[in-house]
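In: sequence and predicted structure, then a few things I'm wondering about:
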Amino acid sequence: MAHVIQLTDGSTHTIFGERDIISLVDEYLGYEARTELEELLSEHDPDADYIDELESELKGAKDHHREVMEQLRTQSETIAGLIREKDIDRKALSKAAGVIGSITWRELSVR
């Protein structure tokens, strides 16, 4: 959205974005002031901070997902091994199924 500003000399300017402000600084304060302003703006970019935060959250979610999938895979392998046995150990089978139930309950409750 455009903004109209009035300077102390009485002139008015329409500002559409950061570049317009930088151009005015260059015009009224000079090149050195412009470069200082550009450095200040580039040092603290709120969009970059937000993007970094989102990327960090995404990495955490991916790591958590991988950990949960590894836990489920381990229990799945346990169940597959128990089923291959001639005599099925129902207690061990029930325990592995219970662990899977606990993992899925925990994950579904968090959301």
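Out: Arrived safely. Numbers count the residues shown, from 1 in each chain.
In: hang on, I5 in a strand?
Out: Yes: going by DSSP: H, G, I helix; E, B strand; the rest coil, the assignment for I5 places it inside a strand.
In: from E67, how far off is it?
Out: Noted for I5: a distance of 53 Å to E67, by Cβ to Cβ, to the nearest Å. Glycine gets a C-beta too; all of them are placed from N, C-alpha and C.
In: equivalent analysis for T12, please.
Out: Using Cβ to Cβ, which is the criterion applied here, T12 is 59 Å from E67.
In: check I88 too.
Out: Spatial separation of I88 from E67 under the definition Cβ to Cβ is 29 Å.
In: over to S109?
Out: According to Cβ to Cβ, S109 stands 16 Å off from E67.
In: these two: which has the busier surroundings?
Out: Neighbour count, other Cβ atoms under 10 Å: between S109 and E67, E67 has more, with 10 against 7.
In: please identify the helix or strand for the more buried one.
Out: helix 46-84 (DSSP states H and E).
In: tell me which residues in that helix are buried?
Out: When burial is assessed from 16 or more other Cβ atoms under 10 Å, helix 46-84 yields the following buried residues: 71, 75, 78-79, 82.
In: for the residue most central in space within the chain, give its distance to H64.
Out: The centroid of the chain falls nearest to L54 when counting by Cα atoms, centre = their mean (1.7 Å). With distances taken as Cβ to Cβ, L54 is found 16 Å from H64.
In: before we move on, what about E32?
Out: 49 Å.
In: now pLDDT and distance to I22 too, for the buried residues of helix 46-84, in a markdown table please.
Out: Listed next are the buried residues of helix 46-84 as a markdown table, based on pLDDT from 0 to 100; distance: Cβ to Cβ, whole Å:
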| residue | pLDDT | distance to I22 |
| --- | --- | --- |
| Q71 | 96 | 53 |
| Q75 | 96 | 59 |
| T78 | 95 | 63 |
| I79 | 95 | 64 |
| L82 | 94 | 69 |
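In: which pair of those residues spans the longest distance?
Out: With distance counted by Cβ to Cβ, no two of those lie farther apart than Q71 and L82, which are 17.0 Å apart.
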